Each structure stands twice: as C-alpha cells, then as structure tokens.
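Enquirer: A predicted structure for the sequence below; I have some questions about it.
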Amino acid sequence: MVLKVEKLTKAFGGLTAVNNVNLQVEEGSIQAIIGPNGAGKSTFFNLISGFHLPSSGKIIFKGKDITKLPPNKIAKLRIARTFQTTNLFENATVLDNVVIGNRLRTKSGVFDAIFRTKREIREEKESMEKAFEALRFVELTHLADQSIGSITQEQKKRVAIALALATDPELVLLDEPAAGINPDETDGLAALIKKMAKSGLTVCLIEHKMSMIMSLADRIMVLNQGERIAEGTPEEIRNNPVVIEAYLGS
Ligand code: ADP
Ligand code: MG
C-alpha cells in the first residue's frame, strides 16, 4: 500500500469534518472519494497534503509517517494535489504558471520561491523542462505561451494537473478535476486521469460526476458527515444500500 490512513480525524471547533477515517490505497490505482457537499472530502485531502494538522490519527506514505509534516515537505516526498478551485495567475502564461507553481509548492514560502540562489537559477532549465514535460503529458504544449486568461475552463483544469505533475509526484490528489466544465469535455479529462494511473502514478480523486467515477475508479470510498460509510469496488458501491440511502438515492 502506498498510502495508509489510520483513524484520521479533524475537528474544527465543535465540527468534526473528518471522523476516524481509515483508507489504504494501492500503488498505481485510482481511488475515488465521493460524498455529499460538506462530507469532509476536501478536508481529507488537506490533511494528507499537510495543509491541515490532524486532530488525531496517522498518515503513512510509503512506510513513512507524514502525519505532522508541512505541505512543502510532503510535496518533496512526492505527493501532489490540485485544488477544488484552480487559482492560477490569470495574466501569466500557461508555462510560467507551471514553473512558478512548482516553486511555490516545493519551497517553504513565497520569499523562498521568489528569491533564488545561484544554484537554483542553474536549476531553472531543469524546472522549465519538467514544466514542459508536464504540459506535454496533459496535451497543452501548443498553449504554453498563451495567458491563462485566454484559455478554456477545461484547459485550466489541465494546467492545474500539469502543476501537480511538474513536481514529479508518485501520489496525486485531484479535488474535483471535472467541476465546472462541459459534460462533453469530461471524457477527455477522464482519459487523462486514466493515463496518469497507467504511467504508474497513484491517483486519489474527489469527483461528483458519478459516471466518470464509476468508469475510472478501481475503488471508491464514500464519506458522509466526516465518516467513512463505505469502501469498495464501483460495483460494490453501486449496490450498497447504505450508500444509496445516504448519497446516491438523494
Ligand atoms: P467537501 O469537500 O466534502 O464538500 P469539506 O471538507 O470542504 O467538504 O468540508 C467539510 C466540513 O468542514 C464542512 O462543514 C466545512 O464547512 C468544514 N470546514 C472545512 N474547512 C474548514 C475550516 N478551515 N475551518 C472550519 N470549518 C471547515
Ligand atoms: Mg470539497
């Protein structure tokens, strides 16, 4: 198992957003996380990626306890994520977004990300190549010099994925990659996510589009009010009465 989450809990004051959740994710698989709004899905990602400190529980990545590590340390261990709302620099180019984003993720602060040592300037070329390679993977090299403001929502979602890929991850957390895009564009994104797993990446995927989840996921975890109410194959989840009552039936 590449990722092991044990009894993970996060309380915000009186609200337990993630409650005693266990999850094991196999290397190279696509693990979906579904559940109604407010179920704790994004919080779960915030815990794994170090943006929130858990109230209790453990997160083990490749045998290493990462529970209390800050986001930049976790990024360096090769866990990357995308955000539910993509906050890209609208005036910068597609390529610059991927390069800058990479630095912001792996450096410990904005200062560190902007002011670079000579060694880091020499690393620039390499980081540029990584960014380009990521753009190639998401099939956007033809837009490398376009400004973010001029590309479509679906292309922005691909840029967000490229940002994650440019950090050279082993585990990628995608928070609603198909949200806000046209239904006829979701197939292309689904194919991209499939390609990520085929290339050896492990993918955790939060998504509302059920047909996409059912065709993509190897396994699905269902969260409801912070609690894991089910986990299994798409077939098992589809036929689980508890899930149907709490979520799919509503
Ligand atoms: P989901 O992604 O499944 O829609 P979230 O993880 O975003 O759900 O939120 C789960 C619950 O935790 C919600 O009730 C939300 O309001 C609350 N929550 C999330 N982040 C915070 C925070 N930083 N501070 C306080 N409450 C939060
Ligand atoms: Mg969310």
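Expert: Arrived safely. Numbers count the residues shown, from 1 in each chain. Ligands and ions are numbered 1, 2, ... in the order given.

Enquirer: any weak-confidence spans in the chain?
Expert: Along the chain, segments meeting pLDDT under 70 span 104-119, 122, 248-250.

Enquirer: quick one: end-to-end distance for stretch 46-54.
Expert: Terminal residues of stretch 46-54 are spaced 9 Å apart (Cα to Cα, to the nearest Å).

Enquirer: check contacts around the closest residue to residue 207 other than its chain neighbours.
Expert: Distances taken as Cβ to Cβ, 6 or more residues apart in numbering place residue 213 nearest to residue 207, at 5.3 Å, with adjacent residues excluded. Heads up, the C-betas are built off the backbone N, CA and C, glycines and all. Counting by Cβ atoms under 8 Å, 6 or more residues apart in numbering, residue 213 makes contact with 32, 34, 205, 207, 220, 234.

Enquirer: before we move on, what about residue 59?
Expert: Taking Cβ under 8 Å, 6+ apart, one finds 3, 4, 5, 6, 8, 47, 48, 65, 66, 67 in contact with residue 59.

Enquirer: if we go to 10 Å?
Expert: 3-6, 8, 23, 47-50, 65-69, 74, 79 (Cβ atoms under 10 Å, 6 or more residues apart in numbering).

Enquirer: nearest residue to residue 145 in space, please, no chain neighbours.
Expert: residue 93 (5.4 Å).

Enquirer: I'd say the one you found and residue 140 touch.
Expert: No: taking Cβ atoms under 10 Å as the definition, residue 93 is not a contact partner of residue 140, at 11.1 Å.

Enquirer: can you list residues touching both of these two?
Expert: residue 146.

Enquirer: assign a three-state SS to the closest residue to residue 201 other than its chain neighbours, would you?
Expert: With sequence-adjacent residues excluded and distances taken as Cβ to Cβ, 6+ apart, residue 201 is closest to residue 172, at 5.6 Å. Recorded secondary structure, residue 172: strand (DSSP: H, G, I helix; E, B strand; the rest coil).

Enquirer: tell me which element residue 221 is part of?
Expert: Per DSSP states H and E: residue 221 is located in strand 219-224.

Enquirer: who does that strand pair up with?
Expert: Within its sheet, and counting by DSSP bridges, strand 219-224 is paired with strand 30-34 (parallel), strand 227-232 (antiparallel).

Enquirer: which one of the ones you listed is the most hemmed in?
Expert: Of all these, strand 30-34 has the most neighbours on average by mean count of other Cβ atoms under 10 Å, namely a mean of 24.

Enquirer: after that one comes which helix or strand?
Expert: That would be, after strand 30-34 and using DSSP H and E, helix 41-48.

Enquirer: which helices and strands does that next one pack with?
Expert: strand 3-12, strand 15-25, strand 30-34, strand 56-61, strand 79-81, strand 171-175, strand 202-206, strand 219-224 (3 or more Cβ pairs under 10 Å, 6 or more residues apart in numbering; DSSP states H and E).

Enquirer: got the domain ranges for the protein?
Expert: 3-78+169-248, 85-152 (automatic domain parsing).

Enquirer: and this structure, which residues reach ligand 2?
Expert: 41, 42, 84 (Cβ under 5 Å from the ion).

Enquirer: closest one to residue 238 out of those, please.
Expert: Distance to residue 238 across those (Cβ to Cβ) is lowest for residue 41, with 18.8 Å.

Enquirer: go ahead and confirm that closest one touches residue 48.
Expert: No: taking contacts as Cβ under 10 Å, residue 41 lies outside contact range of residue 48: 11.3 Å.

Enquirer: who touches both of those two?
Expert: With Cβ under 10 Å, 6+ apart, residue 41 and residue 48 have common neighbours residue 204.
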